[in-house]
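Asks: this one's sequence-less:
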C-alpha cells in the first residue's frame, strides 16, 4: 500500500489549459511538498504547505488536512511546464513518502 | 548563493565494489537528506543527517550508510554494490526550525550505474 497516491499518472494538455494534479496521503504529516522534475533529473521544490493554499506565479497548491488531500493547479499552462510533478508527504516522524509522479506534457 | 552540489554527476561501478557520493549543502543549511530514484520504485527516502547525527533512516539495507561532517557536507556510501543499486541518488538540504517557510533545495543528483 502506498502512503501517497497521485493522479493522474500521465496528463497531456494544450497550451493555455488549466491543469489539476491530485495527491492523497494516508500518513500524519508535518508538511506536504510538491516537486517538479525535468528530464535530466534535477528536482525543484515548488511548494511546501501544511494548511490552506499557496500561490507562486501560475502555480497554486492547496491542501485539505481533514481529507488528507492536496492539489496542484497550473493556470495558463505552457510547454515549459512539461515535467514530472511529484507529491511528497513529510510525516511527523520526519520521513518522506513520495507519490509516483504525474508526467505532464503541454502541447503548443 | 551557491546551490546544493553533488559529486560526481555520473559514476559507473562494478558489482561488488563500493561507492561514496558527496553532497555539499547550501551555506547555512544544517540538514542533509538523501534519496534514491529508480524507474521501478520511484523516489525513496534513504536517510537524513542534522548536525552530524543521523536523525531518520528509510527502509534500506545496512549496505547504505552515510555521515555528515562539521561543515554540514554529507557523504553516502554503498558497499557491495548490486545491479539493483543503479539509480539516481539525490540529496537535499534545508535549515529546520525556521518555521513553515523552510524549504528543501535539491542537488542535481549522481547517476550511478552498476555493471
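Replies: Everything's here; your move. The shown structure was predicted, so the numbers you read here are calculated from the model rather than taken from an experiment.
Asks: how about the residues of chain A near chain B?
Replies: For chain A, the residues in contact with chain B under the definition C-beta under 8 Å from any C-beta of the partner chain are A:31, A:33, A:35, A:40-45, A:48-50, A:86, A:88, A:93-101. C-betas here are computed from N, CA, C, even on glycine.
Asks: got the contact list for the residue lying closest to residue B:18 once chain neighbours are set aside?
Replies: In this structure, residue B:18 finds its nearest non-sequential neighbour in residue B:79, 4.4 Å apart by C-beta to C-beta, 6 or more residues apart in numbering or on different chains. For residue B:79, the set of contacting residues under the criterion of C-beta atoms under 8 Å, 6 or more residues apart in numbering or on different chains consists of B:18, B:63, B:65.
Asks: Show me the strands in the chain, by range?
Replies: Went with chain A since none was named. When secondary structure is read from DSSP state E, chain A shows strands at A:4-7, A:10-14, A:19-25, A:29-37, A:43-49, A:52-56, A:59-64, A:69-74, A:83-91, A:96-98, A:102-107.
Asks: look at chain B instead
Replies: Ranges of strands in chain B, per DSSP E, are B:5-7, B:10-13, B:19-24, B:31-38, B:42-50, B:53-57, B:64-68, B:74-78, B:87-94, B:105-106, B:110-114.
Asks: Highest mean neighbour count out of those strands?
Replies: With neighbours taken as mean count of other C-beta atoms under 10 Å in any protein chain shown, the strands of chain B reach their highest mean count in strand B:87-94, at a mean of 24.
Asks: so where's chain B shaky on pLDDT?
Replies: Low-confidence segments of chain B, defined by pLDDT under 70, are located at B:1, B:96-102.
Asks: try 50 this time
Replies: Residues of chain B that meet the criterion pLDDT under 50 lie in B:99-101.
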